[in-house]
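[1] Pasting the sequence and the predicted model now:
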Amino acid sequence: MQHSKSPLKEKLREFWPILAITTLVMLVVSVSGVLFFLRGRQIMQDQLKDKLRSTATAAAMQFDGESVDRIRAGDTMKTSTELRKTVAKLQSLRENIANIRYVYIMRKTKEPSVLAFVADADLALTTEQLDENNNGIIEPNEEVPLPGALYDGEVIPALTQDAFLHPVTDSNITIDQWGSTISGYAPILNKTGQAVAVLGIDMDATEYINLSESIFSPVGLLLVLLAGVSVGGSILLFLWKRRLEALERLEIERSGLLRLAFHQLGGPLTIINWSLEELQEEGPRSLHRTIDNIQEGVKRLGKILRTLKEADLVHTGHIEYHPESVSLTSILQKVAADAADQLAARSQNIQLALAGDITTNLDPKLIAGVVQELLTNAIDFSPDGATIVMRSRKILGRAEFEIEDHGCGIPRRDLERLFNEFTRGSNANRYKADGNGLGLYIVRGIIRRAGGTVSIQSMEGHGTTVTVRLPMA
């Protein structure tokens, strides 16, 4: 575990200056881009508000405060001349000023947050014009507020407070089922300069939104940010990926050690404990059988310890490799012969396709161990009665051998990590429950120490072929 942490720390320490600079560049570019984006939209929105305030101010000056003040609750277009004149002016404003959706006049009531309608431009519309859904009925949402109708302006402080003092607009654009609007207000004054009512104008903000999105599009901002931080992002992605790989490796090692402790060490220890209990209970009568069981448990523990030791040597790079001139063909033949009992137990057979005598410099003990591990895997993960093929050949100045089976195969997603410590195929437990995930890791370490390579080709449900290439000299 210590060996896997140290390289990660060293790697992070090595790339720390790059990480810091990249983070700073990304932060500066990102903040600058966002500020430019937000400031640009804010400037356009401020210009829209200025235009709306100016429009509302000019429109409010067309109304006489005393005339507006004479319009009372209950007046109708038929009964009030003042109302008819006021509504006509409101309708004229809507027709002559672009993007104006609604124009209306309100006055204060005894409740500070409640206003009362004085007049609305829609009072000039006919029944057919008000019937927007053409169902022949004026729905509640299509009705026009009459003079005296109350309006709750609690959520619009600009309308209930500031609008009676000076021209003002809503702080934000309102988006609802009727579209996007922004409202501006200006006081209607009487001859003494007192505000008797407020003129409200609801302007269609769709054009502004479309324009601002075309100039300051979030997509455009994203492209700018991506262009500015692409290099930095690549560096960070690389570092992050390496960190995740290191953490994943630590997790695999931890899980592997737990599996080893629970399963492989548990089995031999259980055998020894049972044997000792049997010896205590039955005495000398079962002595020979008990000794055999203890020896089997000790043998399994010894195999586990040897595997862990070999894995540690691979991990630290301290494999002792003593090459000598030896026949690779003879090693393959001997390993195949030694596996006769394993093959017979599964009614399996091995087919040798060896290309004459291939003599090269290698460590016969370690290479024989590699061949034995690969052949044992082929036996364990092949069905009863299967045929396993062992081939050898010379190719491009290298000695090559492979072991092919037609067993369960390995899922494609597992192939890249199969040579890692404590790693097995995701389907391995269905065929061999007591594996520790160290065999192929040791195989690769030995082959690399010999100056060769090892690769696996496999298809789940069809079989696996492991190919080993070794230098001739």
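    Good, I have the coordinates.

[2] Helices of the chain, start to end?
    Applying DSSP state H to the chain gives helices spanning 2-60, 65-69, 81-96, 127-130, 157-160, 206-215, 218-259, 266-282, 287-316, 328-338, 340-345, 364-380, 439-449.

[3] For the second one, give me every contacting residue.
    Helix 65-69 is contacted from outside by 82, 85-86, 105, 107, 118-119, 188-191, 194-197, using Cβ atoms under 8 Å, 6 or more residues apart in numbering. Bear in mind the C-beta positions are built from the backbone N, C-alpha and C, glycine included.

[4] what sits against the closest residue to residue 151 other than its chain neighbours?
    Nearest residue to residue 151, sequence neighbours excluded (Cβ to Cβ, 6 or more residues apart in numbering): residue 115, at 4.8 Å. The contact partners of residue 115, taken as Cβ under 8 Å, 6+ apart, are 106, 107, 108, 109, 150, 151, 153, 159, 160, 198.

[5] In strands, which of the residues you listed fall?
    106, 107, 108, 150, 151, 198 (DSSP state E).

[6] what's the closest of those to residue 391?
    Among the ones in strands among the contacts of residue 115, residue 151 lies closest to residue 391 (Cβ to Cβ), at 90.8 Å.

[7] right, and the closest one touches residue 120 too?
    No. Residue 151 is beyond contact range of residue 120, at 10.6 Å (criterion: Cβ atoms under 8 Å).

[8] Common neighbours of these two, please.
    Shared contacts of residue 151 and residue 120 (Cβ under 8 Å, 6+ apart): residue 145.

[9] what about those two, which has more around it?
    Neighbour count, other Cβ atoms under 10 Å: between residue 151 and residue 120, residue 120 has more, with 23 against 17.

[10] just the contacts of residue 115 now: which is nearest residue 171?
    Distance ranking of the contacts of residue 115 against residue 171, using Cβ to Cβ, places residue 159 first at 11.4 Å.

[11] contacting residues around the closest residue to the closest one other than its chain neighbours?
    Spatial nearest neighbour of residue 159, excluding adjacent residues (Cβ to Cβ, 6+ apart): residue 153 at 4.9 Å. Residue 153 makes contact with 113, 114, 115, 159, 160 under the criterion Cβ under 8 Å, 6+ apart.

[12] what about 6 Å?
    By Cβ atoms under 6 Å, 6 or more residues apart in numbering, the contact set of residue 153 is 113, 115, 159, 160.

[13] Could you measure from the last one over to residue 429?
    In this structure, residue 160 and residue 429 are separated by 72 Å, where distance is defined by Cβ to Cβ, to the nearest Å.

[14] higher neighbour count, these two?
    Between residue 160 and residue 429, residue 160 has the larger neighbour count (other Cβ under 10 Å), namely 22 against 13.

[15] Skipping adjacent residues, who's closest to the more buried one in space?
    In space, residue 160 is closest to residue 153, 4.2 Å off (Cβ to Cβ, 6+ apart).

[16] Residue 109 too?
    Going by Cβ to Cβ, 6+ apart, residue 109 has residue 116 as its nearest residue, at 5.2 Å.

[17] Quick check: pLDDT value at residue 288.
    As summarised for this prediction, residue 288 has a pLDDT of 63.

[18] rewinding a little: mind telling me the two of the contacts of helix 65-69 farthest from one another?
    Most distant of the contacts of helix 65-69, by Cβ to Cβ, are 85 and 194, 21.0 Å apart.

[19] more crowded one of the two?
    Taking other Cβ under 10 Å, residue 85 and residue 194 do not tie; residue 85 has more neighbours (16 against 12).

[20] For the more buried one, which non-adjacent residue is closest in space?
    residue 67 (7.1 Å).

[21] and the one you found, how many neighbours?
    Using other Cβ under 10 Å, residue 67 has 17 neighbouring residues.

[22] shaky segments in the stretch 201-350 of the chain?
    Where the stretch 201-350 of the chain drops to pLDDT under 70, the residues are 208-209, 211-240, 243-244, 246-247, 249-317.

[23] Might one say that the residue nearest to residue 109 is in contact with residue 105?
    No. Using Cβ atoms under 6 Å, residue 116 is not in contact with residue 105, being 10.0 Å away.

[24] more neighbours, the two?
    Using other Cβ under 10 Å, the more surrounded residue of residue 116 and residue 105 is residue 105, with 26 against 20.

[25] ok, now how distant is the closest residue to the more buried one other than its chain neighbours from residue 193?
    Here the nearest residue to residue 105 in space, its sequence neighbours aside, is residue 118; by Cβ to Cβ, 6+ apart that works out to 4.1 Å. To residue 193, residue 118 is 19 Å away according to Cβ to Cβ.

[26] higher neighbour count, the two?
    The neighbour comparison of residue 118 against residue 193 (other Cβ under 10 Å) goes to residue 118, with 31 against 8.

[27] Isn't the more buried one up against residue 197?
    Yes. With contact defined as Cβ under 6 Å, residue 118 counts as touching residue 197 (5.5 Å).

[28] Overlap of the contact sets of the two?
    Common contacts of residue 118 and residue 197 (Cβ under 6 Å, 6+ apart): 105, 107.

[29] picking up where we left off before, CSV please, covering the contacts of residue 115 and showing pLDDT and distance to residue 63.
    CSV is the format used below for the contacts of residue 115 (pLDDT from 0 to 100; distance: Cβ to Cβ, whole Å):
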residue, pLDDT, distance to residue 63
106, 95, 12
107, 94, 12
108, 93, 16
109, 92, 19
150, 93, 21
151, 92, 19
153, 86, 20
159, 88, 17
160, 86, 19
198, 95, 11
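
[30] Those: which two are farthest apart?
    150 and 198 (14.6 Å).

[31] ok, those two, which is more surrounded?
    For residue 150 versus residue 198, the count of surrounding residues by other Cβ under 10 Å is larger for residue 198: 26 against 14.

[32] And the residue nearest to residue 85, how close does it get to residue 248?
    For residue 67, the distance to residue 248 equals 80 Å [Cβ to Cβ].

[33] can you check residue 363 too?
    32 Å.

[34] Tell me which of these two has more neighbours.
    Using other Cβ under 10 Å as the criterion, residue 363 and residue 248 rank with residue 363 on top: 19 against 12.

[35] I figured the more buried one hits residue 322, correct?
    Yes. Contact criterion Cβ under 6 Å: residue 363 and residue 322 qualify, at 5.2 Å.

[36] In contact with residue 459, which residues are there?
    Residue 459 makes contact with residue 409 under the criterion Cβ under 6 Å, 6+ apart.

[37] Please repeat the previous calculation with a cut-off of 10 Å.
    By Cβ atoms under 10 Å, 6 or more residues apart in numbering, residue 459 lies in contact with 409, 410, 411, 412, 465.

[38] And the pLDDT at the second one?
    Model confidence at residue 410, expressed as pLDDT, equals 91.

[39] Show the contacting residues for it.
    381, 418, 424-428, 456-460, 463-464.

[40] Drop anything exposed from the residues you listed.
    The neighbour count (16 or more other Cβ atoms under 10 Å) marks 381, 418, 424, 425, 428, 456, 458, 460, 463, 464 as buried among the contacts of residue 410.
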